[in-house]
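Peer 1: Fold the following and give me the result.
(chains A and B)
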Amino acid sequence: MTEQRVSYTLDSTLETVDSAEQTASRIAAENGFGEDEVMQISMAVREVVVNAVLHGNAYDPGKKVSLDFETTGNDLVITVRDQGKGLDPAKIPDPLSPDNLLKTSGRGIFLIRSFMDEVEIHPSHTGTEIKLVKHGRGSAAGGKEDSQ
Amino acid sequence: MNFKTSVRQVDGVTIVDCSGRITLGEGSVTLRDAVRELLSKGQKKILLNLGDVNYIDSSGIGELVSAFTTVRNQGGDLKLLNLTKKVHDLLQITKLYTVFDVKDDEAVAVKSFS
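Peer 2: So this is what the prediction gives:
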């Protein structure tokens, strides 16, 4: 995997979500991830950016979403920052709980954790930073598919 | 690819053939409107054919759940037909595969409503 870093500053719109997903898909494919992994990465990015646009920045045109892709060694590291009030991960209900199964929302973070190898959520009063890591096949940590 | 629906009737069951992506925004809204329109016409036996739906996000999953509970609350039933592998896997990891009645044969699915 080639070492590189690319950053985007995005408006808080629905179009941003589609654009971020497409960019993630392209970068993941360029860095040698397989079809299933590309789908997982692009979907995780979509869900993170949805959170940033809807729940973080609340469609505020004055607030931006930053999206960074960095390849380090065999890992793809993706960082998304919003300018919202800060997401408290402790307050996210478990979507697999029987009480929550039929809820119509609340699955985004769960899907992100399911699809990525590492997920870090760093909330602050100036916004939330979410860092996603997907291990490449040659990584010492190994990808999820390799470790099974 | 935009989300599209087309509706047909088979033995008293309304089959909604869906294609495209069910995602936040247009796809979710189109599905919601389609189900609401059917319910307003009294068509409460609904089979969602998702054979041409190749992508669904958390918002789309939520819309499927919403459609399911809305139809059930009105005394009807909503079942899923022909899941693609991606949608099947998503319903598995979210534990919704056991909530929905999922079929892979249209004739069997239609009969199951009676």
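
Peer 1: where do the helices sit along chain B?
Peer 2: Here chain B has its helices, by DSSP state H, at B:26-40, B:58-73, B:85-93, B:106-111.

Peer 1: got JSON lines for those, with distance to chain A too?
Peer 2: Any C-beta I mention is one placed from the backbone N, CA and C, and that applies to glycine too. Converted to JSON lines, the helices of chain B look like this (distance: least, CB to the nearest CB, whole Å):
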{"stretch": "helix B:26-40", "distance to chain A": "9"}
{"stretch": "helix B:58-73", "distance to chain A": "4"}
{"stretch": "helix B:85-93", "distance to chain A": "5"}
{"stretch": "helix B:106-111", "distance to chain A": "22"}
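
Peer 1: nearest to A:Val45, of the ones you listed?
Peer 2: helix B:58-73 (12.8 Å; CB to CB).

Peer 1: residues from chain A in reach of chain B?
Peer 2: By the rule CB under 8 Å from any CB of the partner chain, the part of chain A lying against chain B is A:14, A:17, A:39, A:43, A:46-47, A:50, A:54, A:95-96, A:101-105, A:107-108, A:110-111, A:114.

Peer 1: Who are the contact partners of the spatially most central residue of chain B?
Peer 2: Geometric centre of chain B, nearest residue: B:Leu48, 3.3 Å, by CA atoms, centre = their mean. By CB atoms under 8 Å, 6 or more residues apart in numbering or on different chains, the contact set of B:Leu48 is B:Val16, B:Cys18, B:Leu64, B:Ala67, B:Leu78, B:Lys79, B:Leu80, B:Leu81.

Peer 1: Skip the chain neighbours and tell me the closest residue to the last one.
Peer 2: Pointing back at B:Leu81 there. B:Asn49 (4.6 Å; CB to CB, 6 or more residues apart in numbering or on different chains).

Peer 1: Filter the residues of chain A next to chain B down to the buried ones.
Peer 2: Taking 16 or more other CB atoms under 10 Å in any protein chain shown as the criterion, what is buried in those is A:14, A:17, A:39, A:43, A:46-47, A:50, A:54, A:95, A:104-105, A:107-108, A:110-111, A:114.

Peer 1: number of nearby residues for B:Gly12?
Peer 2: Neighbour count of B:Gly12, defined by other CB atoms under 10 Å in any protein chain shown: 10.
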